[in-house]
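[1] mind looking at a prediction? Sequence and model below.
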Amino acid sequence: MRALALSLVLLFAACLQPAPSAQAQQARAGERADFVLIDKSDRRLWLYQGGKVIRAYTGLQFGDQPIGHKRFQGDERTPEGRYRISYGNPQSSYYLSLHIDYPNAADRAYAKARGRSPGGLIFIHGQPNGLAFDERIPGDWTDGCIAMSNAEIEELWSLVPDGTPIEIRP
């Protein structure tokens, strides 16, 4: 009787889970990024696995000041350099987000030497919550983050594990 009750509880719990998207199902088939490359000037992002491109995205959106490396809190620039994806945030103010571990030691030292804060909370994220799923804010609008469509961040979310290295080029 206990086995039957446990089976029913597990079945019920499984039914409460949302169905995985096609992208998430595909990621389970063995695709996992081990490197992320962003080119700010081309507004492109590539996912690599074992040295091969497994996905490419265009039309990235940045802060209101997209040219140049982020130096200080409030400069509305996106960092440039090598970092890591430290965690995914499903409770974001945007449709899913992946945290980039900016600032690194060099970023902190540069800002400190000038009596400023380097800022932080830099993410790759979707569009603001409250918009229709396929709606997109035009132009550059973030405070230094990297924005993409909700469908794109959903796929990225399913393919990029915590700890993945990321390089952001000018």
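    Alright, I've got the coordinates.

[2] mind listing what's buried along the longest strand belonging to the chain?
    Longest strand in the chain by number of residues, with DSSP state E as the criterion: strand 81-89. For strand 81-89, burial by neighbour count (16 or more other CB atoms under 10 Å) applies to 81, 83-85, 88. Heads up, the C-betas are built off the backbone N, CA and C, glycines and all.

[3] for it, what is the average pLDDT?
    Strand 81-89 carries an average pLDDT of 97.

[4] and that strand, which strands flank it?
    Sheet partners assigned to strand 81-89 using DSSP bridges are listed as strand 97-100 (antiparallel), strand 165-169 (antiparallel).

[5] out of those strands, which is the most enclosed?
    Among these, ranked by average contacts under mean count of other CB atoms under 10 Å, first place goes to strand 97-100 (a mean of 24).

[6] hmm, who's touching that one?
    79, 83-89, 121-126, 145, 153, 156-157, 160, 166, 168 (CB atoms under 8 Å, 6 or more residues apart in numbering).

[7] again, only using 7 Å
    By CB atoms under 7 Å, 6 or more residues apart in numbering, the residues outside strand 97-100 that reach it are 79, 83, 85-89, 122-125, 156-157, 160, 166.

[8] next: stretch 46-59.
    With contact meaning CB under 7 Å, 6+ apart, stretch 46-59 is reached by 31-37, 43-45, 148, 152, 155, 159-160.

[9] from the residues you listed, which land in strands?
    Among those, the members falling in strands (DSSP E) are 35-37, 44-45.
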